[in-house]
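Undergrad: with the input below, show me the fold.
(one chain, ligands or ions: 3)
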Amino acid sequence: MKRREFLGAALAGAILPGCGGGGGGGGPMMGGPPAVASALLTAGQPLRALVPLANTATQAGRFEGALAASPASLGLVEGRATALWLYNGLFPGPVIEAREGDRVRLALANGLPIDTTAHWHGLPVPADQDGNPMDPVRPGATRLYEFDLPAGAAGTYWYHPHAHGTTAEQVARGLAAPFIVRAADDPLVHLPEVTMLVTGLRLDANAQVSASGPMDFAVGRQGEQLLVNGGRLPVHAMRPGATERWRILNATSARYLRLALDGHALTLVGTDGGLLAAPVGPLAEILVAPAQRVEVVVTASTSPNARFTLRAQRHAIDAMGMGTYAAEDLLTVATTNDPPAAPAALPGALRAMPAQAAATARKRLVLTQSGMGMMAAFGINGRLFDMNRVDLVSTAGETEDWDIVNDTLMDHPIHIHGTQFRLVARESRGVATPAPFAAWLDTVDVPSGATATIRVRQDRPGKRMVHCHILEHEDAGMMAVLEVRP
Ligand code: C2O
Ligand code: CU
Ligand code: CU
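TA: Ligands and ions are numbered 1, 2, ... in the order given. This next block holds a predicted model:
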């Protein structure tokens, strides 16, 4: 028996049904997902292209746009209206597409009944423009966010609310969308591009987004249906033999996506912070933790009129036995009847990734757990989030190594605001595994019992959030404040 399964079995007796430790209110007594109407969501529609946010700037080198977060009602299930919270009435929200060097100005109007913010996940924006929980936008208010996109920032990011204690609820109701930054000298510009935003949706028997219960607060929101660009099991048509670049974003609360495409190998070309130094592949599968993004190059089979499934394979993140995800289909690739496309060449080098400076400081973050089963609560260095406390201090421009030690019974995707870092190595039971290639990340998976060592530098002073991106964990307090001093 594997250690993880053993622990799951050993702890099963510690799971207390019906004990609402996590908050959230209104959750089902047993903590499991309520009756689900989303099975009725129409499957098999063509993959939708995301709607771009209009750039209203009149000068070159600027991106200006307006976002309104408001309640909306959509007919996702035959004959019923589902109440959602959406950006600009769109499900998912509009994709922001800007360029390196752009000055960005985005107005956010809060039409929700509660505080919200817009957080620019992964982008190197000033701390006071990053939609932190200490900078709420009140109901009825509008706030302007303004920042520059520096050279080297090209990549696939996203935006979502970061209000104190309600991030999970706001994302579950529909507030999340991609933010793509393009480079002037993109080595893959010759490839057709597809953006795939993966979100989770859980509807109750009345086709309404269900509240999170105790089980969700323990191991992340359970029982969601996976949607791609707002559609269930959409069909993406490809010419046989065609090569495409896919930007895949994991905007689910807690669902690790161990992606595989039947009958195809995947080539990894980019991660959270943009392109790798060189393509990595062929790979049979790629693990995308919650909040992470990947850029993948896919060459379709040369067979015409064939169908292949992109799926998230079975993945367990929890030795308590509650957070195991069965394999789930995400999308169908359908080849057309056209003659095969000529093979597209992939450059051997994608971008320069010089080694980081040696670290001159070291930090240790221990992910901690109190309680078991549905009573589990997670902290950082034994503490829960307090926005008025500073937990960690760094100096702008200084390179640091952080050892993130997972002393809990489940895996956690740990995210740091305001910068991109690199994984140095993971260590588990005395065995260290160096990162196989250099990649820019803003979120790193730290499996149960393992230590992830990352090398990180913050360049802009101010307060930054460090947290687990399982959104229920974040809301329940698995978050620390990092103060970056000039
Ligand atoms: Cu994606 Cu602190 O967030
Ligand atoms: Cu973030
Ligand atoms: Cu967590």
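Undergrad: Glu427: neighbour count?
TA: Counted by other CB atoms under 10 Å, the residues lying close to Glu427 total 16. Every C-beta, even on glycine, is put in place using the N, C-alpha and C of the backbone.
Undergrad: separation between it and Pro447?
TA: Separation of Glu427 from Pro447 (CB to CB, to the nearest Å): 11 Å.
Undergrad: residues contacting Arg103?
TA: 61-63, 146-148 (CB atoms under 8 Å, 6 or more residues apart in numbering).
Undergrad: now which of those would you call buried?
TA: Applying a neighbour-count criterion of 16 or more other CB atoms under 10 Å, the buried members of the contacts of Arg103 are 62-63, 147-148.
Undergrad: ok, the most centrally placed residue in the chain - contacts?
TA: Taking CA atoms, centre = their mean, the centroid of the chain lies closest to Ala291, which sits 1.4 Å from it. By CB under 8 Å, 6+ apart, the contact list for Ala291 reads 121, 158, 250-251, 413, 415, 442-443, 469.
Undergrad: filter those to the buried ones?
TA: Here, 16+ other CB under 10 Å leaves 121, 158, 250-251, 413, 415, 442-443, 469 buried among the contacts of Ala291.
Undergrad: hang on, the earlier thing: now, which of the buried ones among the contacts of Arg103 sits nearest ligand 2?
TA: Phe147 (13.7 Å; CB to the ion).
Undergrad: so what's the closest one bridging to?
TA: For Phe147, the residues forming beta bridges with it (DSSP bridges) are Val104.
Undergrad: these two touch, right, it and Ala127?
TA: No. Counting by CB atoms under 8 Å, no contact exists between Phe147 and Ala127, whose distance comes to 10.5 Å.
Undergrad: can you tell me who the residue of the chain found nearest ligand 2 pairs with across the strands?
TA: With CB to the ion, the shortest gap between the chain and ligand 2 falls at His121, namely 3.8 Å. For His121, the residues forming beta bridges with it (DSSP bridges) are Trp158.
Undergrad: next one: phi and psi at Cys473?
TA: Not Cys; residue 473 is His. In terms of degrees, to the nearest 10, the main-chain angles of His473 are phi -70, psi -40.
Undergrad: please, which helix or strand holds the residue nearest to it when sequence neighbours are not counted?
TA: If you skip the residues right next to it in sequence, His473 has Phe378 as its closest partner in space, 5.2 Å away by CB to CB, 6 or more residues apart in numbering. Using DSSP states H and E, Phe378 sits in strand 377-380.
Undergrad: how about the CA coordinates for that strand, as CSV?
TA: Output of strand 377-380 as CSV, limited to C-alpha atoms (Å, rounded to 0.1, in the frame of the first residue of the first chain):
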residue,chain,number,x,y,z
ALA,A,377,-7.5,24.0,8.7
PHE,A,378,-4.3,25.1,7.0
GLY,A,379,-1.9,27.9,7.8
ILE,A,380,1.6,29.2,7.0
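Undergrad: what does that strand rub up against?
TA: Under the criterion CB under 8 Å, 6+ apart, residues 21-22, 365-371, 384, 391, 408, 412, 466-468, 473, 476-480 lie in contact with strand 377-380.
Undergrad: among those, the buried ones, what's the PyMOL command?
TA: Selecting just the buried residues from the contacts of strand 377-380 in PyMOL takes one command, with 16+ other CB under 10 Å as the test:
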select buried, resi 21+22+365+367+368+369+384+391+408+412+466+467+468+473+476+477+478+479+480
